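Novice: just a sequence and a predicted model for now, questions to come.
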Amino acid sequence: MLRILRGMIALLLICFLLPLAAAAIWWQSLDRPDSWRTADWSASGVLPRDDGAAIHVLAARTGGAKGAVAVHSWLVWKRQGDPWTRAEVVGWGRPVRRNAYAPDGRWYSNTPWFVGSVTGEAAEALIPRVEAAVAAYPNDRDTYRIWPGPNSNSFVAHVLREVSGIGAALPPNAVGKDYIGPGIALRRDAGGDLHLSAGGYAGLSFGPRTGLEVNLLGQAFGFDFARPALKLPGIGRVGT
């Protein structure tokens with residue numbers, strides 16, 4: 001029994017440490033801005049020029065050394081004919097900031113990508129629920145913590161848990177996404193996924209949206225069965 005336990009611990013460490021080491025080596029090889037002052041925060045142009053209703057979940061690598069293993073995520077949405085609304089949480093200012101940056105602005109010079117999208121009539125129907133979930137976000141600015149949460153990714157994960165129709169899950173390196181409250185917490189989200197978390201430090205998630213994830217120290221290792229992919233700490237999704 002002890003041998004099996006040791007083997008499981010060794011396997012878990014390999015699943016987490018090797019991808020994190022690879023991500024750190026890759027990050028060090030990149031040419032990156034020295035500080036937020038020298039970073040590019042301009043619009044990236046990734047949002048389509050379409051006048052229809054849409055909801056998008058966006059993410060981009062964050063800045064500094066933590067960019068090797070972490071991303072920042074946010075939400076944008078609009079009704080047909082309206083301008084974009086961007087909502088996110090950062091470590092300063094109001095708990096939830098709206099339109100502080102361009103809807104598809106780069107984050108510390110890093111170009112964002114789409115985590116999930118809903119368009120057309122489906123988006124139009126979901127927008128009131130998104131706005132309600134944003135307004136109901138329970139954490140204020142005095143509780144913000146870069147690690148293990150609540151932070152920017154905790155906010156977006158909250159909306160995704162409340163609005164099952166978006167059908168997206170944040171990438172495994174969205175540090176803070178697994179924070180669902182202090183201490184040991186267990187909850188089933190609106191889409192039926194189960195989340196068990198020990199203050200965001202460790203946990204387990206399972207369901208049609210999340211797939212299977214083992215969460216450790218803000219990172220996740222797992223599998224997405226609906227959209228086949230391997231989820232790797234530090235690296236992100238490998239697959240569709």
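Specialist: Structure received. Residues are numbered from 1 along each chain as shown.
Novice: distance from the lengthiest helix in the chain to the middle of the chain?
Specialist: Using DSSP state H to define each element, the chain has its longest helix at helix 2-28. Relative to the chain's own centre, helix 2-28 is displaced by 22 Å; criterion: C-alpha atoms, centre = their mean, to the nearest Å.
Novice: past it, which element shows up next along the chain?
Specialist: Using DSSP states H and E, the next helix or strand after helix 2-28 towards the C-terminus is strand 54-61.
Novice: show me where the chain has helices.
Specialist: Assigned by DSSP H, the helices in the chain fall at 2-28, 120-135, 152-162.
Novice: mind saving the C-alpha coords of the shortest one as PDB?
Specialist: The one in question is helix 152-162. Extracted as PDB, the C-alpha positions of helix 152-162 are listed here (Å, rounded to 0.1, in the frame of the first residue of the first chain):
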ATOM      1  CA  SER A 152      -9.100  37.800 -12.000                       C
ATOM      2  CA  ASN A 153      -9.500  34.200 -12.900                       C
ATOM      3  CA  SER A 154     -11.700  33.500  -9.900                       C
ATOM      4  CA  PHE A 155     -14.100  36.200 -11.200                       C
ATOM      5  CA  VAL A 156     -14.400  34.700 -14.700                       C
ATOM      6  CA  ALA A 157     -14.700  31.200 -13.400                       C
ATOM      7  CA  HIS A 158     -17.500  32.400 -11.100                       C
ATOM      8  CA  VAL A 159     -19.400  33.700 -14.200                       C
ATOM      9  CA  LEU A 160     -18.800  30.400 -16.100                       C
ATOM     10  CA  ARG A 161     -20.100  28.400 -13.200                       C
ATOM     11  CA  GLU A 162     -23.200  30.500 -13.000                       C
END
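Novice: what is that helix packed up against?
Specialist: Packing partners of helix 152-162 (3 or more C-beta pairs under 8 Å, 6 or more residues apart in numbering; DSSP states H and E): strand 71-78, strand 85-88, helix 120-135. (Each C-beta comes from the backbone N, C-alpha and C, glycine too.)
Novice: then the first one?
Specialist: Judged by 3+ C-beta pairs under 8 Å, 6+ apart, the packing partners of helix 2-28 are strand 211-216, strand 219-224.
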